[in-house]
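[1] Mind looking at a prediction? Sequence and model below.
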Amino acid sequence: MPVISKLYCSYSQVVFVARRTPHVVNGGGFAVTNCSQLVVFWVDGCGILGTKGEIVLRDMEGDALLLKRGRVEALSIHKRRKGYTSDYKGTKKLVFTLKEPRSCLAKNDAIRISTEPKRSKNWDFEINGYFPERDCSIIDSVSNIVPLVIGVKKEVEEVMASKDLYHVVVKPGTGQDFVFGVIAVLDYIHGESTRC
């Protein structure tokens with residue numbers, strides 16, 4: 001079952017390349033290309049949007065697929081970041097909530113994702129690994145790996161010292177829009193290209 005849309009699901013495994021876009025005046029974000037080097041998605045950071053904490057995932061036509069907003073809860077031990085879609089009328093619909101522990105009192109330090117409508121009681125997906133090192137994956141609640149952020153290829157890593165270019169492998173039947181929506185949130189959490 002796709003989390004956001006069936007339109008961005010594939011029957012076979014797909015490899016994408018994500019590359020950071022340059023920070024122009026208060027800008028930032030990243031672009032996602034397919035094996036033909038065509039831009040499939042791009043993410044606008046808060047500098048482009050002008051609103052701190054907001055990120056937009058766009059398709060190749062420039063249409064907004066997902067809007068991410070952060071939420072501060074004073075009494076919670078988690079930071080909640082919510083992903084919304086909007087219909088043709090502009091009505092926003094919650095599709096996922098990403099919970100990031102912000103306290104040493106949290107029982108588990110894993111970042112967990114709940115989808116709407118809920119698939120399980122507590123959480124549907126979990127981030128396994130560490131995004132800043134480009135070595136992480138998204139697993140579902142029964143430990144199936146959904147996508148895998150492979151990272152920088154060795155031959156490219158020798159040329160580039162930074163982690164501005166990395167590969168993402170998306171498994172068959174997984175919503176690519178959901179995967180890059182989650183990656184955009186991880187990018188923001190770790191203060192990378194989408195952060196002001």
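    Thanks, I have it.
[2] For the protein, which segments count as helices?
    46-49, 154-159, 176-189 (DSSP state H).
[3] And the ones you listed, which one averages the lowest pLDDT?
    With a mean of 49, helix 154-159 has the lowest mean pLDDT of the helices of the chain.
[4] show me what contacts the nearest residue in space to residue 181 that is not next to it in sequence?
    Nearest residue to residue 181, sequence neighbours excluded (C-beta to C-beta, 6 or more residues apart in numbering): residue 66, at 4.4 Å. Bear in mind the C-beta positions are built from the backbone N, C-alpha and C, glycine included. Residue 66 makes contact with 4, 56, 57, 83, 84, 85, 95, 177, 181, 184, according to C-beta atoms under 8 Å, 6 or more residues apart in numbering.
[5] can you put these in CSV and add neighbour count and distance to residue 17?
    Output for those, formatted as CSV (neighbours: other C-beta atoms under 10 Å; distance: C-beta to C-beta, whole Å):
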residue, neighbour count, distance to residue 17
4, 22, 21
56, 22, 20
57, 26, 16
83, 28, 22
84, 17, 27
85, 20, 25
95, 22, 25
177, 24, 17
181, 29, 17
184, 29, 15
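[6] Lowest-confidence member of the residues you listed, which is it?
    residue 4 (77).
[7] list the contacts for that residue?
    Residue 4 neighbours (C-beta under 8 Å, 6+ apart): 65, 66, 85, 95, 175, 177, 178, 181.
[8] could you measure it against residue 165, distance?
    25 Å (C-beta to C-beta, to the nearest Å).
[9] Then residue 21?
    Applying C-beta to C-beta to residue 21 and residue 165 gives a distance of 11 Å.
[10] Residue 183 now?
    In this structure, residue 183 and residue 165 are 14 Å apart, going by C-beta to C-beta.
[11] ok, residue 189 touching residue 80?
    No - the pair residue 189 and residue 80 does not pass the contact test of C-beta atoms under 8 Å, sitting 11.7 Å apart.
[12] Could you check which of the two is surrounded by more residues?
    Between residue 189 and residue 80, counted using other C-beta atoms under 10 Å, the more crowded position is residue 189 (19 against 16).
[13] Show me which helix or strand of the chain is least confident by mean pLDDT.
    helix 154-159 (a mean of 49; mean pLDDT, DSSP states H and E).
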